[in-house]
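Visitor: Fold the following.
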Amino acid sequence: MQEQPVLGVQDEVKSPFTGFIESILPSRLNTGARLFLTGAVINGVSNGVLNSIMQLYLISLGFTAVDLGKLFMFNPLFCAILSIPCGIAADRYGKRKMLLLGLAAVTLGAASYLLFDSFAWFAFAFAMFGVSNAAATVMTPLYTLFYEKHDLEKAFGLYGLINISAMSLGSLFGYVPAYMISNLAFTELTSYRLVISVALLLFVAQYIFYIASSRGIEEKLSNEFHFKLKSWRPVIKFSALALLGNIAGGMLFALFPYYVNQKFGVASAGLGALFFVSNLSMAVSKGLAASIAKKLGNMKSIVFGVALSSMFFFLMPLSPSFGLLGVLYVLRSGTRFMSDPILTSLFMKSINEDELSTANSIRMISMNGGGVVSPWLGGTLMENVGLDTPAYLGAGLTVVLAALYPLLLHKEITESD
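Guide: Down below sits the predicted model:
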């Protein structure tokens, strides 16, 4: 049966804009989905601000690339350690309780980050962010509950479009410290700290909407507190690919603000502008993911995007200027992540409903495992081998990743999904 046009627009009078809306909008958006997506907007804005400024703030405090690599390990490390316990607990006791744990942890982390400036306290803050991310293993399963299975590709594409677009807006806050320094006589350190304070307050506030969205949801809870998966085959395959992908990209991009600052002397304003454009490119590609997959097929769209991104990745360290590097960064972002909504949807479809959080926690461990290794490895390579070394190695691993998708997921990815 053919679906009815979204927004009640008849086929014969459709505009291109209406066709675009239909290609990304699920058939229904209930109150829970709207609240969750509001939280995603706040999350995007806060992350956009932090991506533009956080590393520069730490550099202004005297931290080196190796220091940054060590600090950034604490978030994914604690997330990796606690993801499975949080996932099992969520399947046993409900997702809402994990959201409350995430709120408590992120509040502690934000307070520590703002009140202290020593390595130990920053490490504690990132550890708390890792705890909140482990509790956030329920986010994807929770969001899945708001939609029918046939709408999941569009649902995750819509989430990516909204979240990354908001991140683009947040990136523009990179101009705020420059304005404060040049026009309001603020020091670099003070201006960074004030803007980060706003971002972290927003980061805490997002949980209000996630918790509100979870009210009244019907969950199929497990009767036992145990670790046992019926869907272990797809979990292992998707998790292994996520681990490799995050190591490949994280070696350079986990320290990207440091990289361009050291190579071209770029500060927060330049980074903010670059992240604004690249995030918009990523948002559009995620929003169109379902339509692209429908035309090319699931497997071809995934492999094509990842393989093309590896070419842009490889050319980035060869760029003689920040402008050209920025163009390649935007192209890499737009192609590398356009398959994410499809992969997430296919993963959720392959898991039994009563083990969604547990399965997703394992996938999150693999993603955060890459986050543990890649910043440390990237920082070490930058300081001891060469500033561009992580880019070449990451590009090579991305080529391997593109080849592994059809080898490992040929049974999970079918054109009927």
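Visitor: which stretches of the stretch 151-300 of the chain form helices?
Guide: With DSSP state H, counting those that start in this stretch as the criterion, the stretch 151-300 of the chain has helices at 152-171, 175-183, 188-213, 232-253, 256-264, 268-287, 289-296, 298-315.
Visitor: which of the residues in the third one are buried?
Guide: Taking 16 or more other CB atoms under 10 Å as the basis for neighbour counts, the residues of helix 188-213 that come out buried are 188, 191-193, 195-196, 199-200, 202-204, 206-207, 209-211, 213. Backbone N, C-alpha and C define where each C-beta goes, glycine included.
Visitor: just the second one next, same as before
Guide: By neighbour count, with 16+ other CB under 10 Å as the criterion, the buried positions of helix 175-183 are 175-178, 180-181.
Visitor: And those residues, which two are furthest apart?
Guide: Of all pairs drawn from these, the greatest distance, 10.9 Å, lies between 175 and 181 (CB to CB).
Visitor: before we move on, back to that, please identify which of the buried residues of helix 175-183 is nearest to residue 143.
Guide: Nearest to residue 143 among the buried residues of helix 175-183, with distances taken as CB to CB, is residue 176, at 31.1 Å.
Visitor: so what's that closest one up against?
Guide: Counting by CB atoms under 8 Å, 6 or more residues apart in numbering, residue 176 touches 191, 195.
Visitor: before we move on, what about the one 10 residues further on?
Guide: Contact criterion CB under 8 Å, 6+ apart gives 177, 180, 194 as the residues in contact with residue 186.
Visitor: Now pLDDT and distance to residue 59 too, for these, in TSV please.
Guide: Output for the contacts of residue 186, formatted as TSV (pLDDT from 0 to 100; distance: CB to CB, whole Å):
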residue	pLDDT	distance to residue 59
177	88	13
180	91	17
194	93	17
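Visitor: want to try TSV for the residues you listed, with distance to residue 306 as columns?
Guide: Output for the contacts of residue 186, formatted as TSV (distance: CB to CB, whole Å):
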residue	distance to residue 306
177	35
180	40
194	39
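Visitor: What is the neighbour count of residue 250?
Guide: 25 (other CB atoms under 10 Å).
Visitor: Setting aside sequence neighbours, what's the nearest residue to residue 400?
Guide: Distances taken as CB to CB, 6 or more residues apart in numbering place residue 244 nearest to residue 400, at 7.1 Å, with adjacent residues excluded.
Visitor: number of nearby residues for the one you found?
Guide: Neighbourhood size, residue 244 [other CB under 10 Å]: 17.
Visitor: Likewise for residue 265?
Guide: Residue 265, neighbours per other CB under 10 Å, totals 9.
Visitor: Check residue 77 too.
Guide: The tally of other residues near residue 77 (other CB under 10 Å) stands at 18.
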